[in-house]
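In: Test case, fold it:
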Amino acid sequence: IFSIFFSLLMFFTISVTTIAADTDTRTQNQYDCFATSLDNISGEVDIPALEIYLQENVLNCVSDIDISSFNIPYSEENFHAITSYIYDDLIEAFHVRSVSCSYTLGEQATFRRVKVYYKSDYTKEVYAEQLEQCRLAAEKILVDIADNPNLTDAEKLLLIHDRLIILCEYDYDNYLNNTIPDDSYTIYGLLVNGTAVCQGYSETFKYLAEKIGIPTEICTSRELSHAWNVVYLEGTPYHVDVTFDDPVLDVTGRVFHNNFLLSEEAIKESDHDASDYYFGANDTRYENAYWKNSTTQIVYVGGEFYYIDDTNGNLIKNSDKSVLLNISDNWGYWYGSFSMLATDGRCLYYSTPEAISKYNPTTKTSEIIYTPDLQQHENHLIYGFTYRNGKFFYDLSASPNYSDSNIRKLSFTYLDTSDITTDPTLIEIDGTLYY
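Out: Residues are numbered from 1 along each chain as shown. Here you go, the predicted structure:
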């Protein structure tokens with residue numbers, strides 16, 4: 001019996017854009033953008049049974065997995081199919097460090113065993129707890145998306161895209177110090193820790209999109225040292241880069257839509273110009289969509305989408321394009337709209353330079369709910385704002401050009417006691433109700 005070994009490779013470089021780029025390469029053959037999976041195994045192998053068998057063993061932290069009964073012919077291609085399934089397709093297997101396979105000799109050589117080496121800090125109990133945290137976090141994000149017949153697949157992806165950016169901050173400090181932890185390459189880093197690099201963003205987006213039945217791949221470029229996603233809407237491919245749409249330095253509530261549902265030509269023009277990927281993504285139907293004019297979260301409340309149009313500062317209900325109110329204001333010397341939009345599942349909340357306000361979509365009324373003491377922060381205004389898990393977060397800064405020296409990240413709580421007739425979508429997760 002001979003053994004061949006497959007280990008985890010990591011490298012990362014700085015991007016030429018303001019968004020730092022990185023990659024956890026995992027498999028060399030992933031650079032053609034089509035990660036090898038068990039579907040590529042040659043021979044008469046029961047692929048669905050093999051997938052279930054490997055998944056059950058890996059997620060239960062089994063180190064020595066007997067695959068002899070599947071009679072998988074030995075070849076380099078089949079070896080890469082097995083290891084790529086564990087590294088690329090089993091996104092929940094963030095506890096895996098490396099994999100080796102053993103095989104028999106002779107003309108009819110077949111694979112016998114898969115040896116899985118887990119990261120040293122993961123006991124079975126620790127991994128089970130962290131995996132459950134990831135699944136609960138995913139359930140919260142998808143609460144009003146999954147099984148919602150009123151949403152198109154594009155709208156579902158838009159909500160996932162925006163909610164991941166609101167939840168996560170690019171792990172920029174560790175990137176600069178060359179100290180990126182393993183977690184930041186995984187769904188655990190993004191969904192639980194709230195920090196990730198491009199591999200973590202792309203894996204999490206794929207993880208959530210496929211949970212709601214939207215085929216998604218991870219596209220990796222060696223030239224760019226970067227990873228992002230390709231999604232398929234009714235069989236048509238589109239590029240999505242959540243990492244590049246999450247600004248660095250992190251601006252609370254800021255969500256770009258410059259890299260969402262793009263064609264190949266458009267993504268290459270958006271700092272993705274490389275020759276080592278190709279998907280034939282030619283459709284451009286989403287490249288002038290309404291979200292392109294918004295640099296904050298698109299929110300979904302009571303079956304309606306709402307957004308702020310940065311070109312005029314209008315808060316708009318998307319279904320009929322009605323203007324609910326104009327929230328453009330004066331941010332001193334700085335031209336443009338820097339208002340942020342958020343929701344608690346019932347009302348809309350938005351920021352102006354000196355206050356946080358609430359808009360009730362049922363009564364169509366607006367009121368200020370919070371005014372920070374700006375005298376304590378001379379020449380600072382509100383440039384960032386969002387709502388997350390029962391709490392409001394906001395940024396005070398001297399300008400929209402963030403730096404560590406001029407930003408103050410603060411928070412407050414607010415109990416909404418108003419009588420709102422719009423029925424929010426509620427789900428109970430681990431004993432807690434979420435909108």
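
In: in the chain, which spans are helices?
Out: Here the chain has its helices, by DSSP state H, at 47-59, 76-84, 124-141, 153-167, 172-176, 187-188, 198-211, 264-269.

In: among those, which is nearest Ser351?
Out: helix 153-167 (13.8 Å; Cβ to Cβ). Placement of C-beta: from N, CA and C, glycine included.

In: Can you give the distance of that closest one from its chain's centre?
Out: For helix 153-167, the separation from the chain centroid amounts to 8 Å (computed by Cα atoms, centre = their mean, to the nearest Å).

In: Can you work out which other helices and strands pack against that helix?
Out: Other elements packing on helix 153-167 under the criterion 3 or more Cβ pairs under 8 Å, 6 or more residues apart in numbering; DSSP states H and E are helix 124-141, helix 198-211, strand 226-233, strand 260-262, strand 381-388.

In: Kindly reformat the ones you listed as JSON lines containing mean pLDDT.
Out: Below are the helices and strands packed on helix 153-167 laid out as JSON lines (pLDDT from 0 to 100):
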{"stretch": "helix 124-141", "mean pLDDT": "97"}
{"stretch": "helix 198-211", "mean pLDDT": "97"}
{"stretch": "strand 226-233", "mean pLDDT": "97"}
{"stretch": "strand 260-262", "mean pLDDT": "98"}
{"stretch": "strand 381-388", "mean pLDDT": "93"}
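
In: Please tabulate these in JSON lines, including the columns distance to Gly303.
Out: Formatted as JSON lines, the helices and strands packed on helix 153-167 follow (distance: least, Cβ to Cβ, whole Å):
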{"stretch": "helix 124-141", "distance to Gly303": "18"}
{"stretch": "helix 198-211", "distance to Gly303": "21"}
{"stretch": "strand 226-233", "distance to Gly303": "21"}
{"stretch": "strand 260-262", "distance to Gly303": "22"}
{"stretch": "strand 381-388", "distance to Gly303": "19"}
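
In: Any idea how far apart the tips of stretch 351-363 sit?
Out: End-to-end distance of stretch 351-363 (Cα to Cα, to the nearest Å): 19 Å.

In: actually stretch 341-356, not the one I typed
Out: End-to-end distance (Cα to Cα), stretch 341-356: 10 Å.

In: Show me which positions of it end up buried.
Out: Across stretch 341-356, burial judged by 16 or more other Cβ atoms under 10 Å covers 341-353, 356.

In: contacting residues around stretch 251-260?
Out: Defining contact as Cβ atoms under 8 Å, 6 or more residues apart in numbering, one finds that stretch 251-260 is touched by 157-158, 161-162, 165-166, 228, 239-242, 244-247, 267, 270, 272, 286, 291-292, 294-298, 340-342, 351, 383-386, 393-395, 400, 402, 409.

In: Beta-bridge partners for Tyr350, please?
Out: Beta-bridge pairing for Tyr350 (DSSP bridges): Leu341, Ser357.

In: ok, it touching Ile369?
Out: No - using Cβ atoms under 8 Å, Tyr350 is not in contact with Ile369; the gap is 10.4 Å.

In: Identify the contacts common to the two.
Out: Here Tyr350 and Ile369 have 356-357 as joint contacts, going by Cβ under 8 Å, 6+ apart.

In: which ones are touching the residue nearest to Glu223 when sequence neighbours are not counted?
Out: Sequence neighbours aside, Ala274 is the residue nearest to Glu223 in space, at 3.9 Å (criterion: Cβ to Cβ, 6 or more residues apart in numbering). Applying Cβ under 8 Å, 6+ apart to Ala274 gives the contacts 221, 223-224, 268.

In: and with 6 Å instead?
Out: Residues in contact with Ala274 (Cβ atoms under 6 Å, 6 or more residues apart in numbering) are 221, 223-224.

In: Check Gly200 too.
Out: So Gly200 contacts 184-186, 189-190 (Cβ under 6 Å, 6+ apart).

In: thinking again about what came up before, of the contacts of stretch 251-260, keep whichever come out buried.
Out: By neighbour count, with 16+ other Cβ under 10 Å, these hold 157-158, 161-162, 165-166, 228, 239-242, 244-247, 267, 270, 272, 286, 291, 294-298, 340-342, 351, 383-386, 393-395, 400, 402 as buried.
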